[in-house]
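> heads up, no residue letters with this:
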(Lines give C-alpha, C1' and ligand atoms only; values in the text may rest on other atoms or scores of the structure.)
Protein backbone atom coordinates (compact mmCIF):
# COMPACT_ATOMS: atom_id res chain seq x y z
CA UNK A 1 0.00 0.00 0.00
CA UNK A 2 1.28 3.43 -1.01
CA UNK A 3 -0.43 6.68 0.01
CA UNK A 4 1.16 10.05 -0.71
CA UNK A 5 -0.30 13.58 -0.53
CA UNK A 6 -0.91 15.23 -3.89
CA UNK A 7 -2.64 18.50 -3.07
CA UNK A 8 -0.47 21.22 -4.59
CA UNK A 9 1.19 21.57 -8.01
CA UNK A 10 4.71 22.86 -8.67
CA UNK A 11 4.86 26.54 -9.50
CA UNK A 12 7.84 26.71 -11.85
CA UNK A 13 7.62 30.50 -11.89
CA UNK A 14 8.87 30.26 -8.31
CA UNK A 15 10.95 27.05 -8.28
CA UNK A 16 11.58 25.23 -4.97
CA UNK A 17 15.28 26.07 -4.95
CA UNK A 18 16.09 24.57 -1.57
CA UNK A 19 14.39 21.27 -2.42
CA UNK A 20 16.21 21.17 -5.75
CA UNK A 21 19.48 21.99 -3.96
CA UNK A 22 18.99 19.09 -1.53
CA UNK A 23 18.24 16.78 -4.44
CA UNK A 24 21.40 17.95 -6.22
CA UNK A 25 23.51 17.68 -3.06
CA UNK A 26 22.46 14.06 -2.50
CA UNK A 27 23.11 13.27 -6.16
CA UNK A 28 26.56 14.90 -6.21
CA UNK A 29 27.58 13.20 -2.95
CA UNK A 30 26.48 9.85 -4.38
CA UNK A 31 28.26 10.28 -7.72
CA UNK A 32 31.49 11.95 -6.63
CA UNK A 33 32.09 11.12 -2.97
CA UNK A 34 30.50 7.68 -2.89
CA UNK A 35 31.79 6.96 -6.38
CA UNK A 36 35.05 5.74 -4.85
CA UNK A 37 33.24 3.02 -2.88
CA UNK A 38 33.35 0.53 -5.74
CA UNK A 39 37.11 0.88 -6.09
CA UNK A 40 37.67 0.48 -2.36
CA UNK A 41 35.32 -2.49 -2.18
CA UNK A 42 37.06 -4.21 -5.10
CA UNK A 43 40.47 -3.61 -3.55
CA UNK A 44 39.27 -4.99 -0.23
CA UNK A 45 37.80 -8.04 -1.94
CA UNK A 46 40.98 -8.65 -3.90
CA UNK A 47 43.11 -8.48 -0.76
CA UNK A 48 40.70 -10.70 1.13
CA UNK A 49 40.75 -13.38 -1.59
CA UNK A 50 44.52 -13.23 -1.94
CA UNK A 51 44.82 -13.88 1.80
CA UNK A 52 42.37 -16.84 1.60
CA UNK A 53 40.54 -15.47 4.63
CA UNK A 54 37.27 -17.01 3.49
CA UNK A 55 38.76 -20.43 4.30
CA UNK A 56 39.05 -19.36 7.94
CA UNK A 57 35.86 -17.34 8.19
CA UNK A 58 33.29 -19.39 6.26
CA UNK A 59 32.81 -22.11 8.95
CA UNK A 60 32.61 -19.39 11.61
CA UNK A 61 29.98 -17.55 9.54
CA UNK A 62 27.72 -20.58 9.39
CA UNK A 63 28.05 -21.04 13.14
CA UNK A 64 27.43 -17.32 13.69
CA UNK A 65 24.18 -17.38 11.66
CA UNK A 66 22.97 -20.57 13.32
CA UNK A 67 23.59 -19.07 16.75
CA UNK A 68 21.73 -15.91 15.82
CA UNK A 69 18.78 -17.96 14.57
CA UNK A 70 18.66 -20.42 17.48
CA UNK A 71 19.68 -18.27 20.43
CA UNK A 72 18.55 -14.80 19.37
CA UNK A 73 15.43 -15.87 17.51
CA UNK A 74 16.43 -13.99 14.34
CA UNK A 75 14.35 -16.02 11.91
CA UNK A 76 15.01 -13.49 9.15
CA UNK A 77 18.56 -14.90 8.91
CA UNK A 78 17.34 -18.34 7.78
CA UNK A 79 17.22 -17.24 4.15
CA UNK A 80 20.71 -15.71 4.48
CA UNK A 81 22.05 -19.00 5.82
CA UNK A 82 20.38 -20.93 3.02
CA UNK A 83 21.77 -18.52 0.45
CA UNK A 84 25.26 -18.78 1.91
CA UNK A 85 25.11 -22.58 1.82
CA UNK A 86 24.04 -22.39 -1.81
CA UNK A 87 27.02 -20.16 -2.62
CA UNK A 88 29.34 -22.70 -1.00
CA UNK A 89 27.82 -25.59 -2.91
CA UNK A 90 28.23 -23.69 -6.17
CA UNK A 91 31.79 -22.68 -5.32
CA UNK A 92 31.09 -18.95 -5.74
CA UNK A 93 34.25 -17.80 -3.99
CA UNK A 94 33.91 -14.13 -4.89
CA UNK A 95 30.36 -13.90 -3.55
CA UNK A 96 31.31 -15.89 -0.45
CA UNK A 97 34.17 -13.48 0.21
CA UNK A 98 31.94 -10.44 -0.33
CA UNK A 99 29.34 -11.83 2.07
CA UNK A 100 31.92 -12.39 4.80
CA UNK A 101 33.96 -9.25 4.26
CA UNK A 102 31.17 -6.68 4.30
CA UNK A 103 29.09 -8.06 7.16
CA UNK A 104 30.02 -5.61 9.94
CA UNK A 105 28.17 -7.51 12.66
CA UNK A 106 29.98 -10.72 11.73
CA UNK A 107 33.34 -8.93 11.87
CA UNK A 108 32.56 -7.71 15.40
CA UNK A 109 31.57 -11.27 16.31
CA UNK A 110 34.94 -12.52 15.07
CA UNK A 111 36.84 -9.88 17.01
CA UNK A 112 35.00 -10.73 20.21
CA UNK A 113 35.24 -14.53 19.83
CA UNK A 114 38.47 -15.08 17.92
CA UNK A 115 40.04 -16.73 20.95
CA UNK A 116 37.34 -19.39 20.88
CA UNK A 117 37.23 -19.86 17.11
CA UNK A 118 40.89 -20.34 16.13
CA UNK A 119 44.15 -21.57 17.54
CA UNK A 120 46.75 -18.95 18.44
CA UNK A 121 48.72 -19.14 15.16
CA UNK A 122 45.59 -18.87 13.03
CA UNK A 123 44.26 -16.11 15.25
CA UNK A 124 47.37 -13.96 14.91
CA UNK A 125 47.52 -14.44 11.14
CA UNK A 126 43.82 -13.66 10.74
CA UNK A 127 43.93 -10.55 12.91
CA UNK A 128 46.96 -9.08 11.12
CA UNK A 129 45.55 -9.62 7.63
CA UNK A 130 41.91 -8.75 8.39
CA UNK A 131 42.80 -5.60 10.35
CA UNK A 132 44.90 -4.28 7.50
CA UNK A 133 42.06 -4.81 5.01
CA UNK A 134 39.59 -3.11 7.35
CA UNK A 135 41.83 -0.08 7.91
CA UNK A 136 43.01 0.35 4.31
CA UNK A 137 39.70 -0.24 2.54
CA UNK A 138 36.57 -1.21 4.46
CA UNK A 139 36.69 1.56 7.07
CA UNK A 140 37.15 4.11 4.27
CA UNK A 141 33.86 3.22 2.60
CA UNK A 142 31.46 6.16 2.70
CA UNK A 143 28.86 4.36 4.84
CA UNK A 144 31.49 3.47 7.46
CA UNK A 145 32.95 6.99 7.50
CA UNK A 146 29.84 9.18 7.44
CA UNK A 147 26.95 6.75 7.95
CA UNK A 148 25.07 6.63 11.25
CA UNK A 149 26.41 3.69 13.27
CA UNK A 150 24.25 3.13 16.40
CA UNK A 151 27.19 1.67 18.35
CA UNK A 152 29.34 4.74 17.57
CA UNK A 153 26.78 7.55 17.53
CA UNK A 154 28.15 11.06 16.89
CA UNK A 155 26.61 14.46 16.28
CA UNK A 156 27.98 15.00 12.78
CA UNK A 157 26.82 11.61 11.44
CA UNK A 158 23.25 12.52 12.44
CA UNK A 159 23.48 15.00 9.54
CA UNK A 160 25.91 13.37 7.12
CA UNK A 161 24.06 10.04 6.89
CA UNK A 162 21.11 11.89 5.35
CA UNK A 163 23.13 12.61 2.19
CA UNK A 164 24.46 9.07 1.60
CA UNK A 165 22.66 6.30 -0.27
CA UNK A 166 23.11 2.60 -0.83
CA UNK A 167 22.66 2.38 -4.60
CA UNK A 168 20.94 3.84 -7.64
CA UNK A 169 17.53 2.41 -6.75
CA UNK A 170 17.82 3.80 -3.22
CA UNK A 171 18.81 7.30 -4.25
CA UNK A 172 16.37 7.61 -7.14
CA UNK A 173 13.44 6.50 -4.99
CA UNK A 174 14.41 8.88 -2.18
CA UNK A 175 15.02 11.87 -4.44
CA UNK A 176 11.67 11.41 -6.19
CA UNK A 177 9.85 11.51 -2.85
CA UNK A 178 12.06 14.33 -1.59
CA UNK A 179 10.95 16.43 -4.54
CA UNK A 180 7.26 15.41 -4.42
CA UNK A 181 6.98 16.35 -0.73
CA UNK A 182 9.71 18.96 -0.45
CA UNK A 183 8.39 21.53 -2.87
CA UNK A 184 5.11 21.78 -0.96
CA UNK A 185 6.70 22.06 2.49
CA UNK A 186 9.27 24.56 1.21
CA UNK A 187 6.47 26.61 -0.28
CA UNK A 188 4.71 26.61 3.09
CA UNK A 189 7.71 27.39 5.32
CA UNK A 190 10.24 29.23 3.18
CA UNK A 191 13.64 27.94 2.09
CA UNK A 192 15.72 28.56 5.23
CA UNK A 193 13.22 27.20 7.76
CA UNK A 194 12.47 24.28 5.45
CA UNK A 195 16.16 23.30 5.36
CA UNK A 196 16.58 23.47 9.13
CA UNK A 197 13.36 21.51 9.74
CA UNK A 198 14.41 18.90 7.15
CA UNK A 199 17.81 18.33 8.79
CA UNK A 200 16.26 18.29 12.27
CA UNK A 201 13.77 15.59 11.24
CA UNK A 202 16.62 13.53 9.81
CA UNK A 203 18.62 13.86 13.01
CA UNK A 204 15.66 12.88 15.19
CA UNK A 205 14.82 9.90 12.98
CA UNK A 206 18.47 8.81 13.27
CA UNK A 207 18.27 8.96 17.05
CA UNK A 208 15.09 6.87 17.05
CA UNK A 209 16.75 4.31 14.77
CA UNK A 210 19.81 4.17 17.04
CA UNK A 211 17.58 3.65 20.08
CA UNK A 212 15.93 0.63 18.47
CA UNK A 213 19.24 -0.71 17.11
CA UNK A 214 21.42 -0.10 20.15
CA UNK A 215 24.85 -1.70 19.82
CA UNK A 216 24.54 -2.37 16.10
CA UNK A 217 27.58 -1.70 13.92
CA UNK A 218 25.59 -1.66 10.67
CA UNK A 219 25.56 1.93 9.33
CA UNK A 220 22.34 3.69 8.39
CA UNK A 221 22.38 5.78 5.22
CA UNK A 222 19.71 7.57 3.26
CA UNK A 223 17.34 10.52 3.29
CA UNK A 224 14.21 8.48 3.98
CA UNK A 225 14.02 9.52 7.65
CA UNK A 226 14.20 13.18 6.64
CA UNK A 227 11.63 12.58 3.90
CA UNK A 228 9.33 10.93 6.43
CA UNK A 229 9.72 14.14 8.41
CA UNK A 230 8.47 16.03 5.35
CA UNK A 231 5.41 13.75 5.27
CA UNK A 232 4.73 14.51 8.93
CA UNK A 233 5.13 18.25 8.33
CA UNK A 234 2.94 18.09 5.22
CA UNK A 235 -0.10 16.66 7.01
CA UNK A 236 0.46 18.78 10.13
CA UNK A 237 0.49 21.93 7.99
CA UNK A 238 -2.91 21.09 6.51
CA UNK A 239 -4.27 19.80 9.84
CA UNK A 240 -7.90 18.71 9.60
CA UNK A 241 -8.38 20.26 6.17
CA UNK A 242 -9.42 17.72 3.54
CA UNK A 243 -6.73 17.31 0.90
CA UNK A 244 -6.13 14.98 -2.01
CA UNK A 245 -4.06 11.80 -1.64
CA UNK A 246 -2.84 9.39 -4.30
CA UNK A 247 -3.07 5.74 -3.32
CA UNK A 248 -2.05 2.43 -4.81
CA UNK A 249 -3.41 -0.81 -3.36
CA UNK A 250 -2.82 -4.14 -5.08
CA UNK A 251 -3.55 -3.44 -8.73
CA UNK A 252 -5.77 -0.45 -8.13
CA UNK A 253 -4.81 3.20 -7.89
CA UNK A 254 -6.77 6.43 -7.62
CA UNK A 255 -7.15 9.64 -5.64
CA UNK A 256 -9.20 10.30 -2.54
CA UNK A 257 -9.84 13.22 -0.22
CA UNK A 258 -9.46 13.01 3.55
CA UNK A 259 -8.47 15.16 6.53
CA UNK A 260 -4.71 15.48 6.27
CA UNK A 261 -4.00 14.44 9.85
CA UNK A 262 -6.02 11.26 9.43
CA UNK A 263 -3.12 9.81 7.42
CA UNK A 264 -0.49 10.30 10.13
CA UNK A 265 -1.59 7.33 12.30
CA UNK A 266 -1.99 5.24 9.13
CA UNK A 267 1.59 5.89 8.01
CA UNK A 268 2.95 5.56 11.53
CA UNK A 269 1.07 2.31 12.14
CA UNK A 270 2.38 0.84 8.89
CA UNK A 271 6.00 1.60 9.79
CA UNK A 272 5.65 0.13 13.29
CA UNK A 273 3.85 -2.95 11.93
CA UNK A 274 6.51 -3.51 9.26
CA UNK A 275 9.26 -3.11 11.88
CA UNK A 276 7.85 -6.06 13.83
CA UNK A 277 6.49 -8.27 11.08
CA UNK A 278 8.07 -7.48 7.69
CA UNK A 279 11.28 -9.44 8.39
CA UNK A 280 14.78 -8.63 7.11
CA UNK A 281 14.03 -6.13 4.35
CA UNK A 282 16.95 -3.79 5.02
CA UNK A 283 14.49 -0.90 5.48
CA UNK A 284 14.86 1.34 8.56
CA UNK A 285 11.19 1.38 9.54
CA UNK A 286 11.74 2.97 12.94
CA UNK A 287 13.76 5.77 11.35
CA UNK A 288 10.72 6.44 9.15
CA UNK A 289 8.44 6.38 12.19
CA UNK A 290 10.74 8.76 14.05
CA UNK A 291 10.78 11.15 11.09
CA UNK A 292 6.99 11.17 10.85
CA UNK A 293 6.58 12.01 14.51
CA UNK A 294 9.39 14.58 14.38
CA UNK A 295 7.92 16.40 11.37
CA UNK A 296 4.40 16.59 12.76
CA UNK A 297 5.71 17.46 16.24
CA UNK A 298 7.86 20.35 15.00
CA UNK A 299 4.91 21.92 13.19
CA UNK A 300 2.59 21.47 16.18
CA UNK A 301 5.13 22.88 18.63
CA UNK A 302 6.43 25.74 16.49
CA UNK A 303 3.62 26.24 13.97
CA UNK A 304 2.45 29.45 15.58
CA UNK A 305 5.91 30.94 15.76
CA UNK A 306 9.05 29.82 14.00
CA UNK A 307 7.41 27.29 11.62
CA UNK A 308 4.32 29.36 10.85
CA UNK A 309 2.89 28.68 7.40
CA UNK A 310 3.01 31.55 4.91
CA UNK A 311 -0.35 33.11 4.09
CA UNK A 312 0.18 32.75 0.32
CA UNK A 313 0.77 29.03 0.62
CA UNK A 314 -2.71 27.69 -0.07
CA UNK A 315 -3.75 27.36 -3.70
CA UNK A 316 -6.85 25.89 -5.36
CA UNK A 317 -6.97 22.18 -6.30
CA UNK A 318 -5.85 21.15 -9.77
CA UNK A 319 -6.32 17.62 -11.15
CA UNK A 320 -3.41 15.99 -12.99
CA UNK A 321 -3.80 12.69 -14.78
CA UNK A 322 -1.86 10.66 -17.27
CA UNK A 323 -4.31 11.14 -20.13
CA UNK A 324 -2.58 8.77 -22.54
CA UNK A 325 -2.63 5.88 -20.07
CA UNK A 326 -6.20 6.60 -19.02
CA UNK A 327 -7.39 6.67 -22.65
CA UNK A 328 -5.54 3.47 -23.57
CA UNK A 329 -6.77 1.68 -20.47
CA UNK A 330 -10.35 2.73 -21.21
CA UNK A 331 -10.11 1.34 -24.76
CA UNK A 332 -8.77 -1.98 -23.51
CA UNK A 333 -11.51 -2.22 -20.89
CA UNK A 334 -14.12 -1.45 -23.55
CA UNK A 335 -12.76 -4.34 -25.62
CA UNK A 336 -13.08 -6.58 -22.58
CA UNK A 337 -16.65 -5.43 -22.06
CA UNK A 338 -17.54 -6.37 -25.63
CA UNK A 339 -15.73 -9.73 -25.18
CA UNK A 340 -13.13 -8.98 -27.86
CA UNK A 341 -10.47 -10.79 -25.88
CA UNK A 342 -7.74 -10.96 -28.55
CA UNK A 343 -8.00 -7.22 -29.19
CA UNK A 344 -8.03 -6.48 -25.46
CA UNK A 345 -4.91 -8.59 -24.99
CA UNK A 346 -3.07 -6.68 -27.71
CA UNK A 347 -4.15 -3.37 -26.20
CA UNK A 348 -3.07 -4.35 -22.69
CA UNK A 349 0.24 -5.68 -24.07
CA UNK A 350 0.88 -2.29 -25.69
CA UNK A 351 0.08 -0.55 -22.40
CA UNK A 352 2.42 -2.93 -20.58
CA UNK A 353 5.23 -2.04 -22.97
CA UNK A 354 4.84 1.70 -22.34
CA UNK A 355 3.86 1.49 -18.65
CA UNK A 356 5.74 -1.52 -17.20
CA UNK A 357 5.22 -0.34 -13.62
CA UNK A 358 1.41 -0.44 -13.80
CA UNK A 359 0.70 -3.79 -12.17
CA UNK A 360 -3.01 -3.47 -13.00
CA UNK A 361 -2.13 -4.01 -16.67
CA UNK A 362 -0.20 -7.19 -15.85
CA UNK A 363 -3.18 -8.45 -13.83
CA UNK A 364 -5.44 -8.04 -16.86
CA UNK A 365 -2.93 -9.79 -19.14
CA UNK A 366 -2.70 -12.66 -16.67
CA UNK A 367 -6.49 -13.02 -16.49
CA UNK A 368 -6.77 -13.01 -20.28
CA UNK A 369 -3.97 -15.57 -20.65
CA UNK A 370 -5.72 -17.77 -18.09
CA UNK A 371 -8.57 -18.19 -20.57
CA UNK A 372 -6.16 -20.24 -22.73
CA UNK A 373 -4.02 -22.20 -20.26
CA UNK A 374 -2.59 -24.35 -23.08
CA UNK A 375 -0.59 -21.38 -24.39
CA UNK A 376 2.94 -20.48 -23.28
CA UNK A 377 1.75 -16.92 -22.65
CA UNK A 378 -0.11 -18.11 -19.55
CA UNK A 379 3.11 -19.35 -17.96
CA UNK A 380 4.93 -16.15 -18.94
CA UNK A 381 2.36 -13.85 -17.33
CA UNK A 382 1.94 -16.11 -14.30
CA UNK A 383 5.67 -15.97 -13.58
CA UNK A 384 5.80 -12.20 -14.10
CA UNK A 385 2.80 -11.64 -11.85
CA UNK A 386 4.22 -13.86 -9.10
CA UNK A 387 7.49 -11.92 -9.20
CA UNK A 388 5.68 -8.57 -9.15
CA UNK A 389 3.61 -9.61 -6.14
CA UNK A 390 6.72 -10.84 -4.35
CA UNK A 391 8.39 -7.47 -4.95
CA UNK A 392 5.24 -5.73 -3.73
CA UNK A 393 5.29 -7.88 -0.56
CA UNK A 394 1.95 -9.51 -1.36
CA UNK A 395 2.72 -13.17 -0.56
CA UNK A 396 -0.92 -14.31 -0.48
CA UNK A 397 -1.45 -13.22 -4.09
CA UNK A 398 1.81 -14.88 -5.14
CA UNK A 399 0.69 -18.18 -3.65
CA UNK A 400 -2.78 -17.79 -5.16
CA UNK A 401 -1.39 -17.26 -8.69
CA UNK A 402 0.92 -20.26 -8.27
CA UNK A 403 -1.96 -22.48 -7.08
CA UNK A 404 -4.09 -21.40 -10.03
CA UNK A 405 -1.29 -22.23 -12.44
CA UNK A 406 -0.83 -25.65 -10.88
CA UNK A 407 -4.47 -26.45 -11.65
CA UNK A 408 -4.67 -24.96 -15.13
CA UNK A 409 -1.29 -24.59 -16.77
CA UNK A 410 1.27 -26.91 -15.19
CA UNK A 411 0.27 -29.87 -17.32
CA UNK A 412 0.89 -27.84 -20.49
CA UNK A 413 3.98 -25.79 -19.65
CA UNK A 414 5.58 -26.77 -16.30
CA UNK A 415 7.18 -24.09 -14.16
CA UNK A 416 10.90 -24.26 -13.45
CA UNK A 417 12.30 -25.56 -10.17
CA UNK A 418 13.35 -22.02 -9.23
CA UNK A 419 9.72 -20.87 -9.48
CA UNK A 420 8.52 -23.56 -7.09
CA UNK A 421 11.44 -22.80 -4.76
CA UNK A 422 10.50 -19.11 -4.57
CA UNK A 423 6.91 -20.06 -3.82
CA UNK A 424 8.05 -22.48 -1.11
CA UNK A 425 10.06 -19.77 0.65
CA UNK A 426 7.13 -17.37 0.28
CA UNK A 427 4.79 -19.93 1.88
CA UNK A 428 7.17 -20.44 4.80
CA UNK A 429 7.52 -16.70 5.38
CA UNK A 430 3.72 -16.46 5.25
CA UNK A 431 3.33 -19.38 7.69
CA UNK A 432 1.44 -21.42 5.07
CA UNK A 433 2.98 -24.86 5.60
CA UNK A 434 0.37 -26.76 3.59
CA UNK A 435 1.14 -24.75 0.47
CA UNK A 436 4.85 -25.04 1.25
CA UNK A 437 4.56 -28.83 1.22
CA UNK A 438 2.72 -28.73 -2.10
CA UNK A 439 5.42 -26.48 -3.53
CA UNK A 440 8.05 -28.92 -2.26
CA UNK A 441 6.41 -31.84 -4.07
CA UNK A 442 6.38 -29.82 -7.31
CA UNK A 443 10.01 -28.87 -6.69
CA UNK A 444 10.99 -32.52 -6.27
CA UNK A 445 9.29 -33.42 -9.53
CA UNK A 446 11.16 -30.61 -11.33
CA UNK A 447 14.39 -32.57 -10.94
CA UNK A 448 16.69 -30.04 -9.25
CA UNK A 449 18.22 -32.15 -6.48
CA UNK A 450 20.20 -29.36 -4.79
CA UNK A 451 17.15 -27.12 -4.45
CA UNK A 452 15.03 -30.07 -3.32
CA UNK A 453 17.57 -31.04 -0.64
CA UNK A 454 17.74 -27.48 0.71
CA UNK A 455 13.95 -27.21 0.73
CA UNK A 456 13.64 -30.57 2.48
CA UNK A 457 16.10 -29.49 5.17
CA UNK A 458 14.25 -26.24 5.68
CA UNK A 459 10.88 -27.98 6.00
CA UNK A 460 12.30 -30.35 8.59
CA UNK A 461 13.58 -27.36 10.57
CA UNK A 462 10.25 -25.56 10.34
CA UNK A 463 8.29 -28.58 11.59
CA UNK A 464 10.81 -29.08 14.38
CA UNK A 465 10.20 -25.51 15.51
CA UNK A 466 6.49 -26.20 15.62
CA UNK A 467 7.07 -29.54 17.40
CA UNK A 468 5.31 -31.46 14.65
CA UNK A 469 7.61 -34.43 15.11
CA UNK A 470 6.12 -36.87 12.53
CA UNK A 471 6.40 -34.30 9.76
CA UNK A 472 9.92 -33.31 10.76
CA UNK A 473 10.93 -36.98 10.85
CA UNK A 474 9.38 -37.52 7.42
CA UNK A 475 11.42 -34.75 5.81
CA UNK A 476 14.63 -35.81 7.53
CA UNK A 477 14.08 -39.30 6.17
CA UNK A 478 13.51 -37.88 2.69
CA UNK A 479 16.71 -35.91 3.02
CA UNK A 480 18.62 -38.97 4.13
CA UNK A 481 17.30 -40.83 1.09
CA UNK A 482 18.26 -37.99 -1.24
CA UNK A 483 14.91 -36.07 -1.18
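The structure has been received and is ready for your questions. Bear in mind that the values here come from a model prediction, so they are computed numbers and not experimental data. Numbers count the residues shown, from 1 in each chain.

> how about the residue lying closest to residue 241 once chain neighbours are set aside, what does it touch?
Spatial nearest neighbour of residue 241, chain neighbours left out: residue 260 (5.9 Å); criterion: Cβ to Cβ, 6 or more residues apart in numbering. C-betas here are computed from N, CA, C, even on glycine. Shown in contact with residue 260 (Cβ atoms under 8 Å, 6 or more residues apart in numbering): 5, 234, 235, 236, 237, 238, 239, 240, 241, 242, 243.

> is it fair to say residue 256 lies in a helix?
No. Using DSSP: H, G, I helix; E, B strand; the rest coil, the assignment for residue 256 is strand, not a helix.

> and the contacts of stretch 443-451?
Defining contact as Cβ under 8 Å, 6+ apart, one finds that stretch 443-451 is touched by 86, 89, 414-418, 420-421, 424, 452, 455, 482-483.

> just the buried ones from those residues, in ChimeraX syntax?
Buried residues within the contacts of stretch 443-451, by 16 or more other Cβ atoms under 10 Å, are selected in ChimeraX with:
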select :414,415,417,420,421,424,452,455,483
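
> and of the contacts of stretch 443-451, the nearest to residue 285?
Of all the contacts of stretch 443-451, residue 285 sits closest to residue 424, with 26.3 Å by Cβ to Cβ.

> which residues sit in contact with that closest one?
By Cβ under 8 Å, 6+ apart, the neighbours of residue 424 are 436, 439, 440, 443, 455, 458.

> for it, what are phi and psi?
Here the main-chain torsion angles of residue 424 (degrees, to the nearest 10) amount to phi -60, psi -50.

> so it versus residue 129, what's the distance?
Separation of residue 424 from residue 129 (Cβ to Cβ, to the nearest Å): 39 Å.

> picking up where we left off before, let's have the contacts of stretch 443-451 in a markdown table, adding distance to residue 350 and pLDDT.
Converted to a markdown table, these look like this (distance: Cβ to Cβ, whole Å; pLDDT from 0 to 100):
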| residue | distance to residue 350 | pLDDT |
| --- | --- | --- |
| 86 | 39 | 90 |
| 89 | 43 | 88 |
| 414 | 29 | 92 |
| 415 | 27 | 92 |
| 416 | 28 | 91 |
| 417 | 33 | 90 |
| 418 | 29 | 91 |
| 420 | 32 | 90 |
| 421 | 33 | 90 |
| 424 | 35 | 90 |
| 452 | 40 | 88 |
| 455 | 39 | 88 |
| 482 | 48 | 70 |
| 483 | 44 | 60 |
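
> ok, so of the contacts of stretch 443-451, who is nearest residue 406?
Ranked by distance to residue 406 (Cβ to Cβ), the contacts of stretch 443-451 are led by residue 415 at 8.4 Å.

> helix, strand, or coil at that closest one?
Going by three-state DSSP: residue 415 is coil.

> so what's it up against?
379, 382, 383, 402, 405, 442, 446.

> what about the helices in the stretch 101-250 of the chain?
104-117, 120-136, 142-146, 157-160, 168-189, 191-212, 224-238 (DSSP state H, counting those that start in this stretch).

> what's the neighbour count on the nearest residue to residue 267 once chain neighbours are set aside?
Spatial nearest neighbour of residue 267, chain neighbours left out: residue 292 (5.7 Å); criterion: Cβ to Cβ, 6+ apart. When neighbours are defined as other Cβ atoms under 10 Å, residue 292 has 30 of them.

> part of a strand, is residue 292?
No. Counting by three-state DSSP, residue 292 is not found in a strand; it is helix.

> if I look at it, how far off is residue 264?
Residue 292 is 7 Å from residue 264, by Cβ to Cβ.

> between these two, which contacts overlap?
Residues touching both residue 292 and residue 264 (Cβ under 8 Å, 6+ apart) are residue 232.

> can you pull out the strands in the stretch 201-350 of the chain?
242-249, 252-259 (DSSP state E, counting those that start in this stretch).

> and the last one, what's buried?
Buried residues in strand 252-259, defined by neighbour count with 16+ other Cβ under 10 Å: residue 258.

> low-confidence ranges, the stretch 201-350 of the chain, go.
250-252, 278-282, 311-322 (pLDDT under 70).

> how about 80 then?
243, 246-253, 256, 267, 273, 275-282, 303-305, 307-324 (pLDDT under 80).

> returning to what we had before: closest one of the contacts of stretch 443-451 to residue 52?
Nearest to residue 52 among the contacts of stretch 443-451, counting by Cβ to Cβ, is residue 89 at 19.2 Å.

> what does the strand or helix carrying the closest one contact?
Assigned by DSSP states H and E, residue 89 belongs to helix 78-90. Contact partners of helix 78-90, identified using Cβ under 8 Å, 6+ apart, comprise 58, 61-62, 65-66, 69, 95-96, 99, 280, 425, 450, 454, 458, 461.

> quick one: residue 56 and residue 126 touch, right?
Yes. Counting by Cβ atoms under 8 Å, residue 126 is a contact partner of residue 56 at 5.5 Å.

> shared neighbours, those two?
residue 118.

> that older thread, so can I have JSON lines of the strands of the stretch 201-350 of the chain showing distance to residue 139?
Below are the strands of the stretch 201-350 of the chain laid out as JSON lines (distance: least, Cβ to Cβ, whole Å):
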{"stretch": "strand 242-249", "distance to residue 139": "41"}
{"stretch": "strand 252-259", "distance to residue 139": "44"}
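
> go through stretch 50-57 and flag the buried ones.
Residues 51, 53, 54, 56, 57 are the ones in stretch 50-57 that count as buried (16+ other Cβ under 10 Å).

> pLDDT below threshold where in the stretch 351-483 of the chain?
For the stretch 351-483 of the chain (pLDDT under 80), the answer is 481-483.

> can you give me the helices for it?
Assigned by DSSP H, counting those that start in this stretch, the helices in the stretch 351-483 of the chain fall at 359-370, 376-391, 395-408, 417-429, 433-446, 449-465, 469-480.

> what's the closest of those to residue 221?
Across the helices of the stretch 351-483 of the chain, residue 221 has its closest neighbour in helix 376-391 (21.8 Å, Cβ to Cβ).
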